[in-house]
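**Student:** could you look at this predicted model? Sequence included:
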Amino acid sequence: MAKYKIAVLPGDGIGKDVMDAAKIVLDVIDLDAEYIHGDIGWKFWKTEGDPLPERTVKLLKETDCCLFGAITSKPSGDAQKELAPKLQNKGLVYSSPIVKLRQMFNLHTNLRPCKAYPGNPLNYKDNIDIVIFRENTEDLYVGVEFRPLPKTVFDALMINKKMKKFENTPLEDIAVSCRIFTRKACQNIVRQAFEYAKEHKRKSVTLVEKPNVVRETSGMMLEEARKIAQEYPGIKYQETNVDAMCMWLVKNPQDYDILVSSNMFGDIISDLAAQLVGGLGFASSGNIGDNYAVFEPTHGSAPKYAGQYKVNPMAMLLTVKLMLDWLGEKKKATKLEQAVASVIKEGKVKTYDVGGNSTTLDVAKEVAKKFEKL
Ligand code: IPM
Ligand code: MG
């Protein structure tokens, strides 16, 4: 029996293209693993009314971790229209399967490294090496939302005098999305960031929130971060408001090291940070829980490029690197990163986004070749 069982979920659009690239590289890495395909995505929403079928959840429960491609999500009106006729008007509601997976498996930590590999012509500046820790299960992503606002909820909210402003607004004209944080999740994400900083000998951890305005949620995160920071005297702790962070990331990205944030702010700054190092074609991520993890490139399914083997597989290959790290296969992980870095540095085999005309699979083959020589 193989040492690891890994679920492989290509999903939608270019998810398959980049998964095929990952397979080329996984072949030469020669991990003692069994890879098992699972269904996920838009196709299963249309035909089964569920983008995350029960059999896929079962598969994930039977595996050690999951490698995931990409998902197409559309607004609810469009989602309804595309449902198979037999599934129409049954009250089915589309929800993002990746957000569901994060919550279902309590994948509390979203790890998103953004490194400017030398030689990448798309680097915004040299020497950028940022790792984002994004809380992954709470905040606005919990999905506790109301529109119209039920009278009972309105009445309950009225205990806060600031609600008076809405007293005369019709309930159907009020939309509420709840930003929910728990102390435990705040502590956890900050702890993960500091532990990572300690293990990787990083210099600083910066908390990215907005406690001057969102006083209770961001405020609680700040309170916990300050306490935890004291346990790591060797690591510099800083605090920045999310808006200012966007400015500083554009101005002096080299000054930042580990960033830690809540779910929505973390989502936003991770796209910004990705663009500093070549865009989503280079941005990897891991959704990590206590006992399970789902690894996915940060990019989406880019439907217009689906099946053309045109897109950059580096994000996916660096995602495989994160998976190897998590499995404890550090040597293979380091070698894979070196292989990726050397292909980038040589700059001969590259996809269109980097100014080349190699295919997704050409790039993967080149990385595989380099890996074998290391
Ligand atoms: C990401 C994506 C997802 C998110 C979407 C696809 C639901 O933007 O992983 O960053 O918002 O978390
Ligand atoms: Mg995002």
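**Tutor:** Alright, I've got the coordinates. Ligands and ions are numbered 1, 2, ... in the order given.

**Student:** please make it C-alpha for all contacts and neighbour counts, starting now.
**Tutor:** Noted.

**Student:** point me to the residue of the stretch 151-300 of the chain nearest ligand 1.
**Tutor:** Asp267 (5.0 Å; C-alpha to the nearest ligand atom).

**Student:** so is the closest residue to that residue other than its chain neighbours in a helix, a strand, or just coil?
**Tutor:** Spatial nearest neighbour of Asp267, excluding adjacent residues (C-alpha to C-alpha, 6 or more residues apart in numbering): Arg134 at 7.2 Å. The three-state assignment at Arg134 reads strand, by DSSP: H, G, I helix; E, B strand; the rest coil.

**Student:** the stretch 251-374 of the chain: helices as residue ranges?
**Tutor:** Using DSSP state H, counting those that start in this stretch, the helices found in the stretch 251-374 of the chain span residues 263-276, 314-327, 330-346, 360-373.

**Student:** quick check: angle from the longest one to helix 360-373?
**Tutor:** Comparing the axes of helix 330-346 and helix 360-373 via axes from the mean of the first three to the mean of the last three C-alpha atoms, to 10 degrees yields an angle of 120 degrees.

**Student:** ditto for the second one
**Tutor:** An angle of 40 degrees separates the directions of helix 314-327 and helix 360-373 when computed by the same axes, to 10 degrees.

**Student:** would you mark the buried spots in helix 314-327?
**Tutor:** Counting neighbours by 16 or more other C-alpha atoms under 10 Å, one finds that the buried residues in helix 314-327 are Met314, Ala315, Met316, Leu317, Leu318, Thr319, Val320, Lys321, Leu322, Met323, Leu324, Trp326.

**Student:** OK, contacts around the third one?
**Tutor:** Spelled out, that is Met316. Val18, Met19, Ala21, Ala22, Gly69, Phe282, Ser284, Glu296, Pro297 (C-alpha atoms under 8 Å, 6 or more residues apart in numbering).

**Student:** coming back round to it: return the most buried member of the helices of the stretch 251-374 of the chain.
**Tutor:** Highest mean neighbour count of these: helix 314-327, a mean of 24 (counted as mean count of other C-alpha atoms under 10 Å).

**Student:** mind checking how far that one is from the chain centre?
**Tutor:** 13 Å (C-alpha atoms, centre = their mean, to the nearest Å).

**Student:** can you give me the buried ones in the worst-scoring helix or strand of the chain on mean pLDDT?
**Tutor:** In the chain, the helix or strand scored least confidently by mean pLDDT, DSSP states H and E is helix 76-82, which has a mean of 89. Residues of helix 76-82 classed as buried: Ala79, Gln80, Glu82 (neighbour count, 16+ other C-alpha under 10 Å).
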